[in-house]
Every structure is written in C-alpha cells, then in structure tokens.
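Undergrad: next input, structure requested:
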Amino acid sequence: MIQDSTFSIHRLRFDENYHPSDRTRLTTNFANLARGESRQQNLRNVLLMIENRFNDLASWDNPRGDRYSIELEIVSVEMDLAFADKNGSFPLIEILYSTIVDKKAGIRMKGLAGNSFSSYVRDYDFSVLLPEYNKDKAEFTVPLNYGDLHGNLFKAVVNSAAYKRDFRKPPVICLSISTNRTYHRTENRHPILGVEYQQHDFSLTDQYFNKMGMKVRYFMPANSMAPLAFYFSGDLLSDYSFLELISTISVMESFQKVYRPEIYNANAAAAECCQPSLKHQDYSNTRIIYDREERSQLATAQGIYTEENFIKPYHDILERWSARYAA
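TA: Residues are numbered from 1 along each chain as shown. Alright, predicted model coming up:
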C-alpha cells in the first residue's frame, strides 16, 4: 500500500565537486552541467553567476555586492517499492534547496525548496506517452487523465511527513516561459519579482503543473531579459520573503542563461509583447558548456526506463492508488 512512509528524502551538496549519482535523472540542469571534461569549470562558473545575481538583486546594505553567498543541495525523493511487494526503490523527483549565507551578519538562512524540477514520470508522460498517443494523428491531443498520476504523486510527496520534516514551506518551481505562447506586460510590479506578464492560453506545461496543485504567474525581475514562469501553491507574493524569492530567481535565471541563452541571455530585454523563440540570433553565449541535443535524447531514454521499471510493472496498483488519492 502506498502511504506516507513510502517516500524518503535524500540530500546532496551541489558545488564544484558535485558528481551525479547513479539515481540522478541526467537531463536535469545540474546533472548536465556536471559532465564531460569541463564539468568542474562549468560548475564553478554557474555557481559564481548565481551568487553575483543574488547580490545584484539583494543590493540594500550591500555596497560591495558581496554580502551574500548561496549554498545548494539536491533533494532527491525516492519511492519505496514495498507497496508492490518488491525490494528497492524508484527515484521519483529531484528539486533544489537553497541556503542563504549572510556574511556580514554571520548567519545562515533557509531559502526555498523547488527551484529546478526533475521527474522520471514527467519524462515518461512527455517523451513516451504523448508521442505514442499522437502517432498518426492529424491533430495533437492529450490522453484522458493526462498527468493525473504524476500530479497525485507530487502532492503526496509535498504533504508527506518526510517533506514537512525537512522543509517549512511548499516548493516554488521556476522554469522558462513557453516558446509557443505570447506574454503581455502588465502594470503590476513587485519589488523583487519585477514586472508581471500575463497570458491566458495556458501551455501544456502550465496545465501539467496545475495537476500537481500549482498555479503559475510570470514575472521579469530587474535587469532580466525575459519573464520567468513561477509555479507555486498558496500565495507567491505573501508566503515567501524577499531573500527567498531572490534565491529562486538567481538560481534559475542562471540556469536558463546557460540552457536557453536565446531568451534569457538576449542582448535586449523582452518588449511589452513577449514572444520567446529559440531561433532568436541576438544573444550572448555563456562560457558554460551545455548539451541540449543530448538532453532531449536522454529524456526519451529516461522515459522508456520509467515505463519499463515503474509504469508497466505497477500500473494497476498506481492507478487504483491515484484514483483513491484524488477522491
């Protein structure tokens, strides 16, 4: 039976000495950076980008721009397979957790859980289930109840004793905006998150995260080139401190500058009407090596792995549990 104790949490420091574990989903941002001959320089550079961006946004009482540093941990959630009378576990999701170090005050403060989001089941849904379902179809559609199982698994993790023991607030996940949507600037401006953009034709990713119990808002922080998509439960503007929000922006904007420089490292900021494109040519490359083509190939391989080792063997059990959980 799937229950609260089914989920366990493991934490691993993400620094310039980080090596992906055998259980890590290799398409995730931090794992992709930590591979190949340039792995240590990649990690050193992106961590410096994160720290510099944090100090840029937390500029008050910070005249030299070096008051704060950020420590990151990879949070891995595993699912015990005892519910199916099997030994072992399955790597369910990975997120990042930030700790804020105030060097002037000599204190350490909790940041946010979430930031990046990595999921084997999401790889299956997007890279295996959807292509197979739409094969030979004239018009793209999604299966009935698409994303329900993944959404219920995520909600069960966040509501578990293991999560609540380690983290005091629900996660905030920050991703790139969609390249097939148009975003419009509003008059709403937040002191940290910046100017808000809106679009009402929610993308498939927006809908998928809604199944996880998360709403979305789009903000472009000061000195950013494009809006970021913030997925959250509760109230994004009231539930989190300025420094917590800055930690998420600095981490995920830095990753996006590496992964999607055409949008987030463009040489001109998004206009009032923002239509992001990976074909945009007026941008600057970072010195950090990131293999987007390999990432796409690995997503499919990891989706197949999930299908063979999790979805197919335990399909009936998972479907019954998901229906009961939703009820």
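Undergrad: now find how far off-centre stretch 208-217 is within its chain.
TA: The chain centre lies 12 Å from the centre of stretch 208-217; the measure is Cα atoms, centre = their mean, to the nearest Å.
Undergrad: try stretch 132-143
TA: 26 Å.
Undergrad: what is the end-to-end distance of that stretch?
TA: End-to-end span of stretch 132-143 (Cα to Cα, to the nearest Å): 10 Å.
Undergrad: any idea of the mean pLDDT in that stretch?
TA: Across stretch 132-143, pLDDT averages out at 91.
Undergrad: before we move on, what about stretch 179-196?
TA: Averaging pLDDT along stretch 179-196 gives 97.
Undergrad: buried ones in it?
TA: Under the neighbour-count criterion of 16 or more other Cβ atoms under 10 Å, stretch 179-196 has 181, 183, 185, 192-196 buried. All C-beta atoms are positioned from the backbone trio N, CA, C, and that covers glycine.
Undergrad: turn the residues you listed into CSV, including distance to residue 253 and secondary structure.
TA: Listed next are the buried residues of stretch 179-196 as CSV, based on distance: Cβ to Cβ, whole Å; DSSP: H, G, I helix; E, B strand; the rest coil:
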residue, distance to residue 253, secondary structure
181, 19, coil
183, 16, strand
185, 18, strand
192, 12, coil
193, 12, coil
194, 11, strand
195, 15, strand
196, 16, strand
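Undergrad: redo those residues as a markdown table? Include distance to residue 307.
TA: Output for these, formatted as a markdown table (distance: Cβ to Cβ, whole Å):
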| residue | distance to residue 307 |
| --- | --- |
| 181 | 29 |
| 183 | 34 |
| 185 | 41 |
| 192 | 41 |
| 193 | 38 |
| 194 | 40 |
| 195 | 42 |
| 196 | 39 |
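Undergrad: correct me, but residue 84 touches residue 314?
TA: Yes. Taking contacts as Cβ atoms under 8 Å, residue 84 lies within contact range of residue 314: 5.0 Å.
Undergrad: and these two? Which one has more around it.
TA: Higher neighbour count among residue 84 and residue 314: residue 314, with 18 against 15, using other Cβ atoms under 10 Å.
Undergrad: what sits against that one?
TA: The contact partners of residue 314, by Cβ atoms under 8 Å, 6 or more residues apart in numbering, come to 81, 83-84.
Undergrad: repeat that for residue 10.
TA: Contact analysis of residue 10 by Cβ under 8 Å, 6+ apart lists 75-76, 78.
Undergrad: beta partners of it?
TA: Beta-bridge partners for residue 10, by DSSP bridges, are residue 76.
Undergrad: give the contact list for residue 231.
TA: Per Cβ under 8 Å, 6+ apart, neighbours of residue 231: 117, 172-175, 209, 212, 214-216.
Undergrad: out of those, which are buried?
TA: The neighbour count (16+ other Cβ under 10 Å) marks 117, 172-175, 209, 212, 214, 216 as buried among these.
Undergrad: among the contacts of residue 231, which are located in strands?
TA: Secondary structure from DSSP state E places 117, 172-175, 215-216 of the contacts of residue 231 in strands.
Undergrad: let me have these in CSV, adding distance to residue 321 and pLDDT as columns.
TA: What follows is the ones in strands among the contacts of residue 231, written out as CSV (distance: Cβ to Cβ, whole Å; pLDDT from 0 to 100):
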residue, distance to residue 321, pLDDT
117, 22, 90
172, 27, 97
173, 24, 97
174, 29, 96
175, 27, 95
215, 25, 96
216, 27, 97
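Undergrad: thanks again, I'm all set now.
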